[in-house]
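Peer 1: test case, fold it:
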Amino acid sequence: MVLHNSAEGEEGSIRLQISDLQRLSETDSVGNTMFQPQISIEKKESNTSASVGPLTKPTVRAPEKKLTLFALRLAVLEKAATGLGTLGFIWATVVLLGGFAITLDKTDFWFITIILLIEGTRIFSRSHELEWQHQATWSITDAGINSFRALKMSSSFIFGSIKAFFKPVLPVRKHSQRSRQIAGTNDARNLRGFNVQGKTTRTWTSSEVPLLPYAQWVFRARHISKLLYWLQLLSASACIALSLMKLIKHNYGDVEKGDTDKRNRQAALSVFYSLALAEAMLFLMEKTYCEYKVSYCKLLEEVNKECELGPSGLVSIRRFFYDAYSRCVNGSIFDGLKMDMVSFGMDLLGSNSTDEQLIGAKILRQFAMSPRYSDDTLQKIGINLSVIERLVEILNWTDPDEEVIRRSAAEILSKLAGKKQNSIRVAGIPGAMESISSLLQTSRSSSGACDEISEKKTHSDHANYGLWTFNHLGLLILKKLARDHDNSGKIGNTRGLLPKIIDYTHAEEVLLKAENVTPTQLLTLKRSLQLVKRLVSTTGNTGNILRKEISEIVFTISNIRDILRHGEKHPNLQLLGIEILSSLALEEEATERIGGTGGVLKELFNIFLQKEREREEIVVTNREVITRAGEALAMLVLESRNNCHRILKLCVVDSLVVALDSPLIRINAARVLRNLCTYSGKNCFNQLKGIANAAPTVLKEIMSEEHKLKEVMVGLAPHVLSFLSPEESSLMFERAGVTEAEVAYELVEILRKYRHPRIKVPRIRRFAIELAIWMMKDKPSNIQIFKELGMEKELEHVLETTAELESFNIFSGTVGMSRHNTTIHSLVETALELLTDDE
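Peer 2: Numbers count the residues shown, from 1 in each chain. Predicted structure coming up:
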């Protein structure tokens, strides 16, 4: 067997040799169907995970830990330098200027004064440098080429800067007049000048404030930050030069004998100059260490690479580092260690600044999509309702300039909805479904004439807006939410959402038959079909309502018919369409609508009876499509006389009889034939008479060991044999190579083997009793055979072990539907009467 794997959302196929097909045709092809109760999705998922075994992912160290540790070390040096500087300042003011101000030498007085002024300037500039650095981060986002060389300057920004240079006041530029282009990416937009609703703000953005009426391009945050940086370096260098000069020369002035006022002056000056030298050296050591790690070791680039944030991520990494460093400097040195990129991104997402929202959204999006960090990220987001509410709110932002933030929020929610508990939280937010619905950029006007349906329209005010991307994300979020029963109900209750979803299931013939198809169009079609499938598969009363509402939309069935008719190149799409029809067939009205839609039954038979199944090598997807088509046909003729008559007009009875010899489709062919015989009515005797030719095949398969095959063949047998006279039936037994006694023995053995109803074959005891009744009515001699085999005892045991499981034709989850007209009690009593009457 050759297995081809595929990524999530893509199509893969498995090719099997014919030997594998024969083994699987009796098992997998009839896996979980509506003809038996189904285990809940949660239980099946847990069983699957259990069978795989516990898979523990290796612990991944958070890359931002390198930055917080770096910030801690810098803060230790900074606080040590600041402490020495403060001590030197106090020493100079209290001891030197306070105790020796009059006796100080003139050069010492001025050296002390200059050092104090330098240190005061440095301390002041240091206390405000981080604030300017924060503002400079946003300027980096705008400006263009910077020390990290991560950004490119756009032509519009250059023009704006030149224009601003010659104007005394920098006007608040409109959002649409500025852009930011990240090197290597196209997804960044300039968002300043607008609030969260996309309207022009009435406040300045700090990084754009013109401090002076002229040359404001120079006096911006990023330039002031650099100015303060170099000012600190110059002041520290000057402090070292002055201190070393005095410490080396040691010329503090002469002290005359007996002059007690100047006795300690030399020691006091040495202490001061030593403190000043140590403080400046520590500061320069800090700056050297910082430059070494940032410029030489490329620490920020390394962390950005590990975080997988891309070229534009350097802005986020730098801002994170500044925040961590600020916390370490302004508070406890350990405060910065408590920061992490996910919490940082969530904080920025909740900001009122669109720049911070953009950075926060991109951080959370990247970490949520990364295989290494997604679990931890989604866990943190999932327990923070305010962040989820913010993400849902962003989905309503339709301004083209906010496309990146909106797309990031949608991608995060698509991952978040993959966890059941998180999906419940997302759907529980008021207006969440309406916000998700806004991602689907199509609608139909309700203001048209009553006798027509308005055309489908796509909403977009921007030519380059990513409509397909948002359509995909909207459908993906809804598909994941629909795994929960209550969420499916909310989707159905959201006004206008179901028609939107159905519109995406439409595919033109050209699209389905084209050789080179746009992946995005097929992805939209596939996701919409997957979503509809989940909705119509919902159990309980919610499922009944959803199936009714979806079937009432006039485009639902016709869209699926077109996929069945023209989608032979896309069997996965056909499979989804067929499964939707099978689920809709649980509702009586929907069954009639499907049968009444021209060509649906014909296309299902074309797929079910196609000759491709005879190939030596077969794609598993096609095998599944064929099997599901048979199940859908069996569902559509169940309790539907109209559909039975429509199928008989297609003249497919003989083909179905032949299909009973095909291992792949014989089970569903038997189901279709049995339902045709049961529900067509007496007027169709002549049209069904050809089914009698299936008698030898049916009788042979009754002796089969495969339980599901045996069940359907035992169920079909009395209907096939009813078209024969006693003489003809005897001839058929001979042609089959079995005797009536052998068949009777097999029926009794069935009752002995299945002492209680089984989930896999819930109707086998009922069908065995029905066939036994027919055989006893057909030939009285068979009654004695059943007596000798102990049939009466087995029937009495059946009376004591009957269950509701045996009373239904099909199931929706664990709920029985389409109850049999005759109870199993009545069948047992009829059989017992036949056995008793013979006496």
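
Peer 1: make it CA atoms for all contacts and neighbour counts henceforth
Peer 2: Noted.

Peer 1: quick one: contacts for Val748?
Peer 2: Phe786, Leu789, Gly790, Met791, Glu794 (Cα atoms under 8 Å, 6 or more residues apart in numbering).

Peer 1: distance-wise, check the first one relative to Lys777.
Peer 2: As defined by Cα to Cα, to the nearest Å, Phe786 lies at a distance of 12 Å from Lys777.

Peer 1: what of the third one?
Peer 2: Separation of Gly790 from Lys777 (Cα to Cα) stands at 18 Å.

Peer 1: quick one, which of Phe786 and Lys777 is more surrounded?
Peer 2: Phe786 (20 against 15; other Cα atoms under 10 Å).

Peer 1: quick check: closest non-adjacent residue to that one.
Peer 2: Distances taken as Cα to Cα, 6 or more residues apart in numbering put Ala744 closest to Phe786, at 6.4 Å, once the chain neighbours are dropped.

Peer 1: got a list of what the one you found touches?
Peer 2: Ala772, Asn782, Ile785, Phe786.

Peer 1: so how do I select the buried members of those in PyMOL?
Peer 2: Only the buried entries of these go into this PyMOL selection, using 16 or more other Cα atoms under 10 Å:
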select buried, resi 772+782+785+786
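
Peer 1: so which of the contacts of Ala744 comes closest to Cys307?
Peer 2: Proximity of those to Cys307 (Cα to Cα) peaks at Ala772, which lies at 70.8 Å.

Peer 1: and the closest one, how far from Glu119?
Peer 2: Ala772 is 107 Å from Glu119, by Cα to Cα.

Peer 1: which stretches of the stretch 501-650 of the chain have low pLDDT?
Peer 2: 611-621 (pLDDT under 70).

Peer 1: strands of that one, start to end?
Peer 2: For the stretch 501-650 of the chain, applying DSSP state E, counting those that start in this stretch gives strands covering 618-619.

Peer 1: which residue ranges of it form helices?
Peer 2: For the stretch 501-650 of the chain, applying DSSP state H, counting those that start in this stretch gives helices covering 509-513, 519-536, 540-552, 556-566, 571-584, 588-596, 600-608, 620-636, 641-649.

Peer 1: out of those, nearest to Val94?
Peer 2: helix 519-536 (75.7 Å).

Peer 1: then the closest one to CSV, C-alphas only?
Peer 2: The C-alpha coordinates for helix 519-536 follow below in CSV (Å, rounded to 0.1, in the frame of the first residue of the first chain):
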residue,chain,number,x,y,z
PRO,A,519,-6.5,27.0,-5.3
THR,A,520,-8.3,29.7,-3.5
GLN,A,521,-11.5,29.1,-5.3
LEU,A,522,-11.4,25.4,-4.6
LEU,A,523,-10.5,26.0,-1.0
THR,A,524,-13.5,28.3,-0.5
LEU,A,525,-15.8,25.7,-2.1
LYS,A,526,-14.3,22.9,0.0
ARG,A,527,-14.5,24.7,3.3
SER,A,528,-18.1,25.8,2.6
LEU,A,529,-19.1,22.2,1.9
GLN,A,530,-17.3,21.0,5.0
LEU,A,531,-19.1,23.6,7.1
VAL,A,532,-22.5,22.6,5.6
LYS,A,533,-21.7,19.0,6.3
ARG,A,534,-21.1,19.6,9.9
LEU,A,535,-24.2,21.7,10.3
VAL,A,536,-26.5,19.1,8.7
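
Peer 1: so what secondary structure elements neighbour that helix?
Peer 2: Judged by 3 or more Cα pairs under 8 Å, 6 or more residues apart in numbering; DSSP states H and E, helix 519-536 is in contact with helix 467-481, helix 497-503, helix 540-552, helix 571-584.

Peer 1: which other residues reach whatever helix or strand Val342 lives in?
Peer 2: Assessed by DSSP states H and E, Val342 sits inside helix 341-349. Helix 341-349 is contacted by residues 64, 320, 356-361, 363-364, 367, 377, 380-381, 387, 390 when judged by Cα under 8 Å, 6+ apart.

Peer 1: wait, which of those residues is closest to Val271?
Peer 2: Val271 has its nearest neighbour among the contacts of helix 341-349 in Phe320, at 39.1 Å by Cα to Cα.
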